[in-house]
Structure formats: structure tokens, C-alpha cells
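Engineer: only geometry, no sequence info:
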């Protein structure tokens, strides 16, 4: 399976997983992937906007940043599904 070339990238989600013209979405609420290099890019984007995150969202934001940092430390991408 490969990334869909016509779907924009989100630093929180990544890109949809598409294979043979079909979107991989086992939970039917969204399934996304970020490669190792996309995780690095996401962390950079999120770090740049960290000061703008409202206080009531900062805990979840920081947990997600820690997830990205861990993925980078382990040389991995991430898979997000709902």
C-alpha cells in the first residue's frame, strides 16, 4: 500500500493509506500513516506552533509531541486509526 498522492498531509494525522484504489480504513472512522520522515516534519511543525495552543488543549498536545519524539528515537513511523 502507498500514500495517496492527492491527499494533503496533516501533522496530527498523516496521510490516508491507499492500495489498489481503495482506502484502508478498518474502523470506518479514519486510518492514517506517517513515515519516519513525516514524523520528523510533523514534530517540527507542531513545535513551531506550540505557543499558540490554548491551555485547555496543551496536555493532549504535549502527549502527542512525546509520541512523535518516541517514534523518532526508535526510527519509526506512526499509524493512527479511529
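Structural biologist: Now that the structure is in, tell me what you want to look at. Just so you know, these numbers come straight off a predicted model, no measurement behind them.
Engineer: May I have the beta-bridge partners of residue 15?
Structural biologist: In this entry, residue 15 is beta-bridged to residue 33, by DSSP bridges.
Engineer: Wait, it touches residue 41, no?
Structural biologist: No - checked against C-beta atoms under 8 Å, the pair residue 15 and residue 41 is beyond contact range at 11.6 Å. From N, CA and C alone the C-beta is placed, and that goes for glycine too.
Engineer: Tell me which of the two has more neighbours.
Structural biologist: Shown here are residue 15 and residue 41; by other C-beta atoms under 10 Å, residue 15 has more neighbours (18 against 15).
Engineer: Kindly state the pLDDT recorded for that one?
Structural biologist: Looking at residue 15, its pLDDT stands at 81.
Engineer: picking up where we left off before, could you tell me which residues touch both of residue 15 and residue 41?
Structural biologist: Common neighbours of residue 15 and residue 41 are listed as residue 9 (criterion: C-beta atoms under 8 Å, 6 or more residues apart in numbering).
Engineer: can you tell me the helix or strand for residue 70?
Structural biologist: helix 58-73 (DSSP states H and E).
Engineer: following that helix, which helix or strand comes up?
Structural biologist: Following helix 58-73 in sequence order, the next helix or strand is strand 78-81 (DSSP H and E).
Engineer: where does this protein have low pLDDT?
Structural biologist: Where the chain drops to pLDDT under 70, the residues are 1-8.
Engineer: now the farthest one out in it, which residue is it?
Structural biologist: Residue distances from the centre of the chain (C-alpha atoms, centre = their mean) peak at residue 20, which lies 22.3 Å from the mean C-alpha position.
Engineer: Just the buried residues of the helix holding residue 70, please?
Structural biologist: Of all the residues in helix 58-73, those buried under the rule 16 or more other C-beta atoms under 10 Å are 64, 65, 68, 71, 72.
Engineer: My guess is the fourth one contacts residue 77. True?
Structural biologist: Yes - the pair residue 71 / residue 77 is scored as a contact, 6.7 Å apart, by C-beta under 8 Å.
Engineer: Which residues are in contact with each of the two?
Structural biologist: 34, 36, 39.
Engineer: For stretch 40-49, which outside residues touch it?
Structural biologist: The contact list for stretch 40-49 (C-beta under 8 Å, 6+ apart) reads 9, 11, 12, 14, 34, 61, 64, 65, 68, 69, 72.
Engineer: Fine by me, thanks again.
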